[in-house]
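*Asks:* for reference, the sequence and a predicted model appear below.
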Amino acid sequence: DSPEIKEEVLRKDDRFLTLLKDVYVESRDPPVRVKDGGGEHLPSKQEEKRLTKLGHLEGLDVKKVPKGKISLVEALTLLNNHKLQPQIWTAEKIAAEYSLELKEVNSLLEFFIPFAVQEFPKESKKAITSHKPKKLT
């Protein structure tokens with residue numbers, strides 16, 4: 001705020017200007033190195049794909065999946081088919097139908113079971129008697 005400091009800042013010093021003129025700066029960018037990502041984004045070989053077998057649920061899922069894999073809708077469909085008709089939808093038939101390994105299909109059928117919704121008839125429902133709420137004092 002003082003005028004002496006402002007004057008000192010704005011004053012040109014010839015000695016410093018001549019020294020500044022002698023300064024030479026040379027700048028170079030470091031050489032560009034291509035990062036080796038190991039080809040993680042580019043497939044090394046073309047994956048073989050198959051069309052999905054979705055039936056009436058076609059709009060809910062992907063259209064193509066790699067061979068040896070299944071989509072979520074297909075997994076739910078084949079699990080439900082196996083649950084409803086295990087003598088027809090055997091592990092061998094599922095493996096052949098969806099291009100999967102038999103060992104993986106057996107694991108899938110063993111460890112994943114679709115839910116079953118059960119409704120109880122109205123006459124067998126027990127009424128739940130409600131108690132009067134206690135008043136807090």
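*Replies:* It's in. These figures come from a predicted structure and were not determined experimentally. Numbering: from 1, shown residues only.
*Asks:* in the biggest helix by length in the chain, what counts as buried?
*Replies:* If you go by DSSP state H, the chain has its longest helix at helix 72-84. Neighbour-count burial for helix 72-84, with 16 or more other CB atoms under 10 Å as criterion, is recorded at Val73, Glu74, Thr77, Leu78, Leu79, Asn81, His82. Placement of C-beta: from N, CA and C, glycine included.
*Asks:* just the residues contacting stretch 82-97, thanks.
*Replies:* Contacts of stretch 82-97 with the rest of the structure, by CB atoms under 8 Å, 6 or more residues apart in numbering, involve 53, 78, 81, 100-102, 104-106, 109, 113-114, 116.
*Asks:* which of those residues are buried?
*Replies:* Leu78, Asn81, Leu100, Glu104, Val105, Leu109.
*Asks:* contact partners for the fourth one?
*Replies:* When the contact criterion is CB under 8 Å, 6+ apart, the partners of Glu104 are Ala95.
*Asks:* what separates it from Asp13, distance-wise?
*Replies:* The gap separating Glu104 from Asp13 is 81 Å, by CB to CB, to the nearest Å.
*Asks:* how about the last one?
*Replies:* In this structure, Leu109 lies at 88 Å from Asp13, with CB to CB as the measure.
*Asks:* so of the contacts of stretch 82-97, which two are at opposite extremes in space?
*Replies:* Among the contacts of stretch 82-97, the pair separated by the greatest distance (CB to CB) is Glu101 and Ala116, at 27.5 Å.
*Asks:* and which of the buried ones among the contacts of stretch 82-97 is nearest Lys21?
*Replies:* Nearest to Lys21 among the buried ones among the contacts of stretch 82-97, counting by CB to CB, is Glu104 at 76.3 Å.
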